[in-house]
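Trainee: Following is a predicted model, sequence given first.
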Amino acid sequence: MSDQRSMIRDAMQAIAQRKPGKSKLVYDKTKRTIVAVSEGVPTPQALNITADDADMFGVVTLSSGWLRDKWSSLTKAGSLPVGFSSWDDGDALTQLELCIQGSGTHAAATLVLGQQQGQASEGIVISIVPTDKPTHRSDVFVSPDNIAYRGELIEPAGPAANPRDVVFADIEPQLDLRRAGILETTVLKDRTVLCIGLGTGGALVAVELAKSGVGHFILVDRDRLSVGNVVRHPGGISQVGRTKVNVTRNLILEKNPGAQVEVHVMDVGFENRDVLAGLVQASDLVICGTDNRQSKLLINELCVSADKPAVYGGAFRRAYGGQILRVRPKQSPCQQCFVSSLPDEASDVEVSSQDDADAIAYSDRPVAVEPGLSLDVLPIATQLAKLAMLELLADKSSTLNVLKRDFDAPWYLWLNRPEPGTQYADMPPLSESRDEMTINRWYGIYFERDEQCPVCGDFLSGLAAAYGLDSTQLPALPEKE
């Protein structure tokens, strides 16, 4: 019976994965039941089973990494306790060591080395037994002594449950394999990204970089996730009340469990300048997603001083569009150059919370809270993540380096719609545009670096020239601490 069940499982899995199996399912008219037979064996009338029909078995997922670490203990003791997060009325059990955010319902099991007979009297038993199946299969575990094993689930006595397969998840190799077509598997593992501002855009960028294999994150934000945030933020209702840095940390680890994530709950202001300077110095790239000018200028000063590249992004009011500024210190315009050259564009920011509104309101003229839609923030966050990737890969070999010629401008503009009351209100329809600007297109825009910028330029020489002074006679600016 166990052999027949195993053959049925193999056949069903092969159908579900849309690949040939060593056995096939047929309907035995004499027994009036489904049986599995080896291919090439004469059969009665066969069933027409689709891939959707075949995906009927529940799944028990064990961590290959955890099992390798515990293998010595398992071989000595013969058994180990293991806990699972139970999903969908027990249809799927995921080992707790794999769960950053669990289901809330747990199931206990015992892992046993060797064949077990009959039903488990108490609790679930998973027998780890040798197998001759190919080692590339997800239901095969290769031990540190290079022996292939499979897991056999033994349910406790009681009402029959749906059958469940035991599979092994080798997290990092399987994630790396999915990135390998574009990125060398560990090319970003040693990179550290400092993400300042973990609102909708900042959190989305962090998660995208985690998916791409960035290995180290430093997260900075002062806010907590509110109910209103979840219509846009990747965090959900179950996370309401938590700090955004911790919400984003969990989101990162759900996508890249091997990442190292450091969190700082603090305001991005001059009172924390020294701490922020240390975090900038420890990073390879800074992503600034704050939504006020003061914080961006502070981060800009720190990044230029530390010679760290930075990418600044944000949505316009009501997210009718957005912009990204990439700063390579002393090579491209910095955030201060941008503010000085294009003050109106620099001040067009989304007002997505009451705190933001209060910060920019006049005493006699309140500012309305008008956040945009998530789908209007997503293209901005995605482009920012792509530009960040190019910076992280600047000195590495990668297929993506071909984009350097396409993304060589310092400033990027995106428009979601021709917003009334803006300079873009009369843009032609997307389908009719030829040379004019229109919606749903990225525009790389060039402007010159200010050679006399007080942050990245020679400010004293510019000041002397403006007033007809000899710059050599001017006192030196105080050293920045």
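Mentor: On my side now, so go ahead.
Trainee: make it CA atoms for all contacts and neighbour counts henceforth
Mentor: Fine.
Trainee: Strands along the stretch 101-250 of the chain, start to end?
Mentor: Taking DSSP state E, counting those that start in this stretch to define them, one finds strands in the stretch 101-250 of the chain at 106-113, 124-130, 141-142, 148-154, 164-169, 192-196, 216-221.
Trainee: neighbours around Ile128, how many?
Mentor: Using other C-alpha atoms under 10 Å, Ile128 has 23 neighbouring residues.
Trainee: Please name the nearest non-neighbouring residue to Leu188.
Mentor: Val214 (4.7 Å; C-alpha to C-alpha, 6 or more residues apart in numbering).
Trainee: sorry, back to before: deepest-packed of the strands of the stretch 101-250 of the chain, please.
Mentor: Mean neighbour counts were compared across the strands of the stretch 101-250 of the chain using mean count of other C-alpha atoms under 10 Å; the top stretch is strand 192-196, at a mean of 25.
Trainee: quick revisit: make TSV out of the strands of the stretch 101-250 of the chain and add mean pLDDT and distance to Gly90.
Mentor: Putting those into TSV (pLDDT from 0 to 100; distance: least, C-alpha to C-alpha, whole Å) gives the following:
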stretch	mean pLDDT	distance to Gly90
strand 106-113	92	9
strand 124-130	92	12
strand 141-142	94	23
strand 148-154	90	13
strand 164-169	87	9
strand 192-196	98	38
strand 216-221	98	34
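Trainee: need the contact list for the residue nearest to Leu188.
Mentor: Val214 makes contact with 188-193, 259, according to C-alpha atoms under 8 Å, 6 or more residues apart in numbering.
Trainee: Just the closest of these to Arg449, please.
Mentor: Of all these, Val193 has the smallest distance to Arg449: 24.9 Å, by C-alpha to C-alpha.
Trainee: The closest one against Phe217, yeah?
Mentor: Yes. The criterion here is C-alpha atoms under 8 Å, and Val193 meets it with Phe217 at 5.0 Å.
Trainee: next one: stretch 399-419 to chain centre, how far?
Mentor: Centroid separation for stretch 399-419 versus its chain: 21 Å, with C-alpha atoms, centre = their mean, to the nearest Å.
Trainee: again with stretch 226-235
Mentor: Put simply, stretch 226-235 sits 16 Å off its chain's centre (C-alpha atoms, centre = their mean).
Trainee: That stretch: which residues count as buried?
Mentor: Going by neighbour count (16 or more other C-alpha atoms under 10 Å), the buried part of stretch 226-235 is 226, 229-230, 232-235.
Trainee: same question, stretch 79-97
Mentor: 79-80, 82-87, 90-96.
Trainee: Ser85 belongs to a strand, doesn't it?
Mentor: Yes. Using DSSP: H, G, I helix; E, B strand; the rest coil, the assignment for Ser85 is a strand.
Trainee: Excluding covalently adjacent residues, which one is nearest to the residue nearest the centre of the chain?
Mentor: For the chain, the residue nearest the mean C-alpha position is Val207 (2.2 Å; C-alpha atoms, centre = their mean). The shortest distance from Val207 to any non-neighbouring residue, by C-alpha to C-alpha, 6+ apart, is to Ile252 (5.2 Å).
Trainee: can you check Ala306 too?
Mentor: The shortest distance from Ala306 to any non-neighbouring residue, by C-alpha to C-alpha, 6+ apart, is to Gln281 (6.1 Å).
Trainee: Pull the number of nearby residues for the one you found.
Mentor: Neighbour tally, Gln281, other C-alpha under 10 Å: 17.
Trainee: ok, it touching Ser305?
Mentor: No. Gln281 lies out of contact with Ser305 (C-alpha under 8 Å); the separation is 9.5 Å.
Trainee: The stretch 351-481 of the chain: helices as residue ranges?
Mentor: In the stretch 351-481 of the chain, the helices defined using DSSP state H, counting those that start in this stretch lie at 354-360, 374-392, 459-467.
Trainee: List the buried residues for the longest one?
Mentor: Residues of helix 374-392 classed as buried under the neighbour-count rule (16+ other C-alpha under 10 Å) are 374, 376-392.
Trainee: what's the closest of the strands of the stretch 101-250 of the chain to Gly321?
Mentor: Among those, strand 192-196 comes nearest to Gly321, with 20.9 Å by C-alpha to C-alpha.
Trainee: so the closest one versus helix 374-392, what angle?
Mentor: Put simply, strand 192-196 runs at 140 degrees to helix 374-392, going by axes from the mean of the first three to the mean of the last three C-alpha atoms, to 10 degrees.
Trainee: Tell me which strands strand 192-196 pairs with, and in which orientation.
Mentor: strand 216-221 (parallel), strand 285-288 (parallel) (DSSP bridges).
Trainee: which stretch among those strands comes nearest Tyr446?
Mentor: For Tyr446, the closest of the strands paired with strand 192-196 is strand 285-288, at 20.4 Å, according to C-alpha to C-alpha.
Trainee: between the following helix or strand past that closest one and strand 192-196, how big is the angle?
Mentor: Using DSSP states H and E, the helix or strand that follows strand 285-288 in sequence is helix 293-306. Here the directions of helix 293-306 and strand 192-196 differ by 160 degrees (the same axes, to 10 degrees).
Trainee: re the thing from before, with respect to Ser431, which of the buried residues of stretch 226-235 is nearest?
Mentor: For the buried residues of stretch 226-235, the minimum distance to Ser431 (C-alpha to C-alpha) is 28.6 Å, reached by Arg232.
Trainee: re the thing from before, dump the strands of the stretch 101-250 of the chain into JSON lines; add distance to Arg293 as well.
Mentor: Shown next, in JSON lines, are the strands of the stretch 101-250 of the chain (distance: least, C-alpha to C-alpha, whole Å):
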{"stretch": "strand 106-113", "distance to Arg293": "47"}
{"stretch": "strand 124-130", "distance to Arg293": "58"}
{"stretch": "strand 141-142", "distance to Arg293": "54"}
{"stretch": "strand 148-154", "distance to Arg293": "57"}
{"stretch": "strand 164-169", "distance to Arg293": "45"}
{"stretch": "strand 192-196", "distance to Arg293": "14"}
{"stretch": "strand 216-221", "distance to Arg293": "16"}
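Trainee: between these, which gets nearest to Leu403?
Mentor: Leu403 lies closest, by C-alpha to C-alpha, to one member of the strands of the stretch 101-250 of the chain: strand 192-196, at 20.5 Å.
Trainee: Residues contacting the closest one, please?
Mentor: 202, 206, 214-221, 268, 279-280, 282-290.
Trainee: and if you look at stretch 128-138?
Mentor: Against stretch 128-138 from outside (C-alpha under 8 Å, 6+ apart): 111-115, 140-142, 147-152, 167-169.
Trainee: now the end-to-end length of it.
Mentor: Length of stretch 128-138, first residue to last, C-alpha to C-alpha, to the nearest Å: 14 Å.
Trainee: Can you pull the domain assignment for this structure?
Mentor: 1-56, 57-169, 190-445 (automatic domain parsing).
Trainee: which one of the ones you listed has the most crowded surroundings?
Mentor: Of the domains of the chain, the one with the most neighbours on average (mean count of other C-alpha under 10 Å) turns out to be domain 190-445, with a mean of 18.
Trainee: List the beta-bridge partners for the closest residue to Ile154 other than its chain neighbours.
Mentor: Closest residue to Ile154 apart from its sequence neighbours, by C-alpha to C-alpha, 6+ apart: Val125 at 5.1 Å. Beta-bridge pairing for Val125 (DSSP bridges): Thr110, Ile154.
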